[in-house]
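**Q** structure of the sequence below:
(one chain, ligands or ions: 3)
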Amino acid sequence: MGEKNLTRRTFVVGGAALVAGIGVGAVAKPCAAQANVLRPPGAVSEADFMALCIKCSRCISACPTDVLKPLGMEDGVLRARTPTLSYLAGSCTFCDECRIVCPTGAVGAVDPFAPETGRIGGAILHEDRCLAFLQSGSCGVCVDACPYEALSFDEGRKPVVDQKKCNGCGECVRVCPANVLTSFSGGEVRGIEVVTDKTLSEMGGQR
Ligand code: SF4
Ligand code: SF4
Ligand code: SF4
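**A** Ligands and ions are numbered 1, 2, ... in the order given. Okay, the predicted model is just below:
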């Protein structure tokens, strides 16, 4: 399946053993396969991240855009309080602060113009939410906002993501006005979303 088809697809979003002396890193690895969490740019593999991150929150405190948030219990107790990203109020500028303050090396350096060096994830469009899909030509805010020229219009003036350029910064999510339509439910539903490479792969993407 080509990237163009992928980006158009509607994606519905969609104790005691510890005390017995088993190290946190050793416990984390068996559940690493199920992990599907957005991590700071340049983060090591999820298994290594769980072994290295000491939940000190330094990265979250240092992030100037507040895009980093502590994970709740939704991905299990071991992942609670580890850093993840929420683009509702901010996006990642690849400022490198999270890497600088991390005391364990869980976060590495990234060139945002070379996403293969450690991108956060990739953006996908939701055809059932994006205003440009619901009414052709009605919106293109994300295309104009993308700092990395990863978004463009197709022949029908609907946005398309170039996964080779997208680094998961989330600026498109931050500026997307589609949440107005769902403001009654909290305004957190946008026409575009950044998902992990694991999710993209499960959707049939190239990563
Ligand atoms: S690179 Fe900067 S903006 Fe991005 S998550 Fe890290 S501290 Fe926040
Ligand atoms: S900003 Fe949102 S609604 Fe507008 S084209 Fe982009 S994804 Fe669609
Ligand atoms: S996450 Fe959105 S704004 Fe950022 S590079 Fe990807 S398409 Fe562009």
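
**Q** what's the weakest-modelled helix or strand in this structure?
**A** Counting by mean pLDDT, DSSP states H and E, the chain has its least confident helix or strand at helix 16-19, which shows a mean of 31.

**Q** show me where this structure has its strands.
**A** For the chain, applying DSSP state E gives strands covering 68-70, 83-85, 122-125, 151-153, 159-161, 192-195.

**Q** residues from the chain in reach of ligand 2?
**A** Within the chain, the positions lying close to ligand 2 (CB under 6 Å from any ligand atom) are 125, 130-132, 139-142, 159, 176, 178, 191-192. For every residue, glycine as well, the C-beta is placed using N, CA and C.

**Q** tell me the one of these nearest Pro103?
**A** Using CB to CB, Ile192 is the member of those that lies nearest Pro103, at 34.0 Å.

**Q** who touches Thr199 in this structure?
**A** Asn36, Gly121 (CB atoms under 8 Å, 6 or more residues apart in numbering).

**Q** ok, now Gly191?
**A** Leu125, His126, Arg129, Cys130, Leu131, Ala132, Phe133, Cys139, Cys142, Cys176, Ala178.

**Q** tally of neighbours for the first one?
**A** In other words, Leu125. A count of neighbours around Leu125, defined by other CB atoms under 10 Å, yields 26.

**Q** ok so, going back, out of the strands of the chain, which is closest to ligand 1?
**A** strand 68-70 (4.9 Å; CB to the nearest ligand atom).

**Q** in that closest one, what's buried?
**A** If you call a residue buried by 16 or more other CB atoms under 10 Å, then strand 68-70 has these buried ones: Leu68, Lys69.

**Q** and that strand, what does it pack against?
**A** On a contact count with 3 or more CB pairs under 8 Å, 6 or more residues apart in numbering; DSSP states H and E, strand 68-70 meets helix 58-62, strand 83-85.

**Q** of the strands of the chain, flag the one that's most buried.
**A** Across those, averaging neighbours per residue (mean count of other CB atoms under 10 Å) puts strand 122-125 on top, at a mean of 26.

**Q** could you export the residues of the chain next to ligand 2 as JSON lines, including distance to ligand 3?
**A** Shown next, in JSON lines, are the residues of the chain next to ligand 2 (distance: CB to the nearest ligand atom, whole Å):
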{"residue": "Leu125", "distance to ligand 3": "10"}
{"residue": "Cys130", "distance to ligand 3": "13"}
{"residue": "Leu131", "distance to ligand 3": "16"}
{"residue": "Ala132", "distance to ligand 3": "14"}
{"residue": "Cys139", "distance to ligand 3": "14"}
{"residue": "Gly140", "distance to ligand 3": "13"}
{"residue": "Val141", "distance to ligand 3": "11"}
{"residue": "Cys142", "distance to ligand 3": "6"}
{"residue": "Pro159", "distance to ligand 3": "9"}
{"residue": "Cys176", "distance to ligand 3": "9"}
{"residue": "Ala178", "distance to ligand 3": "14"}
{"residue": "Gly191", "distance to ligand 3": "11"}
{"residue": "Ile192", "distance to ligand 3": "7"}
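
**Q** all good on my end, thank you.
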